[in-house]
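**Q** Pasting a predicted model and its sequence here:
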Amino acid sequence: MHTMDTTASRPFKATPYWWDDCAFSALPVVPLVPRCDVAIVGGGYAGLSAAIELARAGCSVQLFDRQAIGQAASGRNGGMASGSIRPSRKQLIRRFGQSRADGILAEGKAARQDLAAFLETERVECDFFLSGLFDGAVNDREYDEFSRHAEFLNRFLGIETSAVPRKEVSRYIGTDFYAGGFVRMDIGGLHPAKLLSGILRVARTTDAVIHENTTVLGTSQEAGGVRVATSRGEVSAKKLLVCTDAYTDGFDPWLRRRLVPVRSRIIATEPLGESVMDRLMPKKMMHGDTRQLSYYYRPSPDGTRILFGGRDGTTEGDPLAPTTHLRSELGRIFPELAKMGITHSWFGQVAMNRDMVPRMFTVGDTVYATGFCGSVWFGRAGSARRPPSSSLARQRGLSRLSTSIRHRRQCRYTLTSLGSSHWFIRSTNEGTNAPCAARRRVPKADLPISMIARKASHREQAGQRHVRLDDRRLQHHEREVLVDADIHVG
């Protein structure tokens with residue numbers, strides 16, 4: 001499909017730039033297996049990587065996607081491997097406190113390291129390049145905040161960072177738009193469709209069964225698990241993993257009501273020539289800024305053009321106005337590109353929630369990984385670090401989705417993430433804060449967080465208030481809940 005660029009009077013493609021050199025072949029249609037350990041809905045990064053880990057841990061896995069693999073966000077994004085979330089450190093501290101906020105940032109660092117390790121171990125070729133990121137400050141106040149943030153990242157996380165004063169901005173980007181900025185060298189770029197293709201290749205080497213173009217129509221709880229109704233029949237699974245994010249449709253009304261799908265659009269310029277690219281992006285870095293309606297941009301993997309993305313603002317069809325707006329914003333940053341033609345303009349959906357913090361939580365036998373807010377954390381749960389002969393795998397116990405930790409009296413359980421492979425679990429007697437179980441290190445592979453998520457519910461019993469897990473407190477980094485006897489965490 002082609003649309004006319006009214007400014008440059010040239011047509012452009014309405015499909016992702018990435019699809020020009022990365023086509024996904026149709027997968028073979030295979031029969032549905034009536035029963036499995038885990039059913040996964042969503043065939044993007046999250047769903048496929050989960051299928052790999054679960055299958056390698058000995059679980060029987062079936063994955064369903066209503067489209068062909070590669071059509072949704074994982075094949076449409078900007079390919080900036082950041083592992084970050086939207087709230088700033090200042091905002092995170094205000095909400096969670098300094099210790100937890102710093103832990104969230106440390107988790108982001110671990111996620112980036114895990115992605116690099118996965119690419120190397122699995123030999124995934126996706127034009128990955130640790131280019132670094134330049135974030136632009138639009139005023140002096142933001143530059144001061146960047147300076148403090150750069151110092152924190154360098155001192156506490158060991159990340160190579162530096163503040164960039166106004167007079168040095170031209171070393172990193174050819175514009176007078178910014179009042180300064182900061183650079184961090186732990187972030188890079190990749191080809192998102194090639195990454196997805198590589199993950200799919202790895203998934204197909206396991207025993208996971210992948211059903212594309214198979215719509216999940218609905219799910220229902222049944223004895224021993226979940227019944228999944230699809231356009232090709234029904235499947236019973238002990239656990240259901242939902243990884244549909246902004247592409248969640250009517251099959252899960254509960255989740256759909258809690259997410260706001262928002263369009264993000266990217267345009268690709270015409271080839272600019274080596275001298276122009278050297279002048280505008282001399283370091284070939286990833287780029288962004290701190291405006292409320294922020295923009296993200298980068299050189300293409302071959303270094304010949306600029307890909308520029310931001311909020312679309314529309315909800316239906318494929319109108320021309322968002323493309324025109326992005327061209328205008330590109331011209332504000334790079335005035336010499338104001339009349340440059342574009343070759344591609346496409347959009348994808350991202351899922352937003354109230355606080356812009358990604359979530360991983362459980363309702364009954366359904367596990368959700370959702371609310372990524374435009375950032376995807378590619379983190380494996382740790383089974384690759386565990387021998388395949390683990391007791392979970394031998395017992396086909398749903399890997400990290402089924403192990404239970406039972407306690408017999410009311411306690412508060414706090415689960416704190418330690419990088420991409422482990423949780424700390426600590427429990428205290430409610431009301432006394434005295435330990436009711438030793439604080440101990442628990443592999444994430446052994447602690448799948450299958451706490452039952454309920455809407456906020458408060459009640460008085462025996463003179464004490466019991467607070468059931470509220471979905472507002474299902475934080476990505478730490479989860480805390482007051483529970484009754486014989487609970488299951490995991």
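**A** It's in.
**Q** Please, where are all the strands along the stretch 251-400 of the chain?
**A** 260-269, 286-289, 295-299, 306-311, 342-352, 359-363, 366-370 (DSSP state E, counting those that start in this stretch).
**Q** Of those, which is nearest residue 14?
**A** strand 342-352 (6.0 Å; Cβ to Cβ). (Each C-beta comes from the backbone N, C-alpha and C, glycine too.)
**Q** Would you mind pulling up the elements that that closest one packs against?
**A** In terms of contacts (3 or more Cβ pairs under 8 Å, 6 or more residues apart in numbering; DSSP states H and E), strand 342-352 is packed against strand 10-13, strand 260-269, helix 321-333.
**Q** now do 6 Å
**A** When contacts are defined as 3 or more Cβ pairs under 6 Å, 6 or more residues apart in numbering; DSSP states H and E, strand 342-352 sits against strand 10-13, strand 260-269.
**Q** Packed most tightly, which of these would that be?
**A** A comparison of the helices and strands packed on strand 342-352 by mean neighbour count, using mean count of other Cβ atoms under 10 Å, puts strand 260-269 on top with a mean of 20.
**Q** Parallel or antiparallel, which strands does it pair with?
**A** When pairs are called by DSSP bridges, strand 260-269 turns out to pair with strand 306-311 (antiparallel), strand 342-352 (antiparallel).
**Q** mind checking which of those is nearest residue 227?
**A** Closest among the strands paired with strand 260-269, using Cβ to Cβ: strand 342-352, at 25.3 Å.
**Q** chain center to stretch 160-172, what's the gap?
**A** 28 Å (Cα atoms, centre = their mean, to the nearest Å).
**Q** I should have written stretch 243-254 there, sorry.
**A** With Cα atoms, centre = their mean, you get 15 Å for stretch 243-254.
**Q** Please give me every residue in contact with residue 252.
**A** Going by Cβ atoms under 6 Å, 6 or more residues apart in numbering, residue 252 touches no other residue.
**Q** So, low pLDDT: which residues of this protein?
**A** 1-9, 83-84, 292-293, 375-490 (pLDDT under 70).
**Q** related to what we said a few turns ago, got the strands of the stretch 251-400 of the chain as JSON lines, with distance to residue 63 columns?
**A** Shown next, in JSON lines, are the strands of the stretch 251-400 of the chain (distance: least, Cβ to Cβ, whole Å):
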{"stretch": "strand 260-269", "distance to residue 63": "21"}
{"stretch": "strand 286-289", "distance to residue 63": "30"}
{"stretch": "strand 295-299", "distance to residue 63": "29"}
{"stretch": "strand 306-311", "distance to residue 63": "28"}
{"stretch": "strand 342-352", "distance to residue 63": "19"}
{"stretch": "strand 359-363", "distance to residue 63": "18"}
{"stretch": "strand 366-370", "distance to residue 63": "13"}
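**Q** quick one on the thing from earlier: ok, which of the helices and strands packed on strand 342-352 comes nearest residue 67?
**A** Residue 67 sits nearest to strand 260-269 of all those, at 15.0 Å, using Cβ to Cβ.
**Q** Please save the CA atoms from that closest one in PDB.
**A** Provided in PDB are the C-alpha atoms of strand 260-269 (Å, rounded to 0.1, in the frame of the first residue of the first chain):
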ATOM      1  CA  VAL A 260      -5.400   2.000  26.900                       C
ATOM      2  CA  PRO A 261      -4.100   1.200  23.400                       C
ATOM      3  CA  VAL A 262      -2.200   4.100  21.900                       C
ATOM      4  CA  ARG A 263      -0.800   4.400  18.400                       C
ATOM      5  CA  SER A 264       2.800   5.200  17.900                       C
ATOM      6  CA  ARG A 265       4.000   6.100  14.400                       C
ATOM      7  CA  ILE A 266       7.400   6.000  12.700                       C
ATOM      8  CA  ILE A 267       8.500   7.600   9.400                       C
ATOM      9  CA  ALA A 268      11.600   6.700   7.400                       C
ATOM     10  CA  THR A 269      13.300   9.400   5.400                       C
END
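**Q** hmm, back to that, would you format the helices and strands packed on strand 342-352 as CSV with distance to residue 354 included?
**A** CSV is the format used below for the helices and strands packed on strand 342-352 (distance: least, Cβ to Cβ, whole Å):
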stretch, distance to residue 354
strand 10-13, 35
strand 260-269, 9
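**Q** so which of the ones you listed comes closest to residue 110?
**A** Nearest of the helices and strands packed on strand 342-352 (Cβ to Cβ): strand 260-269, 25.4 Å.
**Q** That closest one: how far from the chain's middle?
**A** 16 Å.
**Q** same thing with stretch 264-281?
**A** For stretch 264-281, the distance to the chain centre is 26 Å (Cα atoms, centre = their mean).
**Q** which other residues reach it?
**A** So stretch 264-281 is contacted by 17, 78, 174, 299, 303-309, 312, 322, 326, 334, 340-345, 347-348, 350 (Cβ under 6 Å, 6+ apart).
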